[in-house]
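Undergrad: 3D model of this:
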Amino acid sequence: MTTVIEHLVSVICFLTALIIATFNIDLYAQPMREFYRYAIPIGGGLAIVLLGLQIVLLYMQSRRAMRTEMNRRLSRHTR
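TA: Modelled structure (predicted):
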């Protein structure tokens with residue numbers, strides 16, 4: 001469960017950085033402003049999707065490890 005919390009904290013930190021960049025976008029030069037107007041939402045969405053996928057994969061891997069350990073212990077007692 002600690003790993004999931006750490007991933008959620010990283011999402012919060014990333015979104016905080018995106019929000020700060022969004023509020024300070026007027027300080028950038030015009031070409032950079034136009035670039036970041038498109039890049040910030042795409043980057044934020046992509047980061048959330050990737051971190052969500054990582055949490056799902058961590059859950060699947062931990063379930064698989066638990067089943068493998070259970071099979072190992074059960075097979076030792078059924079011989």
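Undergrad: what's the longest helix in the protein?
TA: Criterion DSSP state H: the longest helix present in the chain is helix 30-78.
Undergrad: what's the spacing between that one and its chain's center?
TA: Counting by CA atoms, centre = their mean, to the nearest Å, helix 30-78 is centred 6 Å from the centre of its parent chain.
Undergrad: how near is Leu57 to Thr3?
TA: Applying CB to CB, to the nearest Å, one obtains 11 Å for the distance of Leu57 from Thr3. For the C-beta atoms, the positions are set from N, CA and C on the backbone; glycine is no exception.
Undergrad: same deal with Ala29?
TA: From Ala29 over to Thr3 the distance is 40 Å, taken as CB to CB.
Undergrad: Point me to the residue sitting closest to the centre of this structure.
TA: Centroid check for the chain by CA atoms, centre = their mean gives Leu51 as the closest residue, at 1.6 Å.
Undergrad: Spit out the contact partners of that one.
TA: His7, Ser10, Val11, Phe14 (CB atoms under 8 Å, 6 or more residues apart in numbering).
Undergrad: Try it again at 7 Å.
TA: With CB atoms under 7 Å, 6 or more residues apart in numbering as the criterion, the residues that contact Leu51 are His7, Ser10, Val11.
Undergrad: Which members of these are positioned in helices?
TA: Restricting the contacts of Leu51 to those inside helices, with DSSP H as the criterion, leaves His7, Ser10, Val11.
Undergrad: Out of those, the closest to Gln61 would be?
TA: Of all the ones in helices among the contacts of Leu51, Gln61 sits closest to His7, with 13.4 Å by CB to CB.
Undergrad: Let me know how buried that closest one is, in neighbour terms.
TA: Residue crowding around His7 was assessed by other CB atoms under 10 Å; the count is 15.
Undergrad: Just confirm it contacts Gly52, I think it does.
TA: No - here His7 does not reach Gly52: they are 8.7 Å apart, not a contact under CB atoms under 7 Å.
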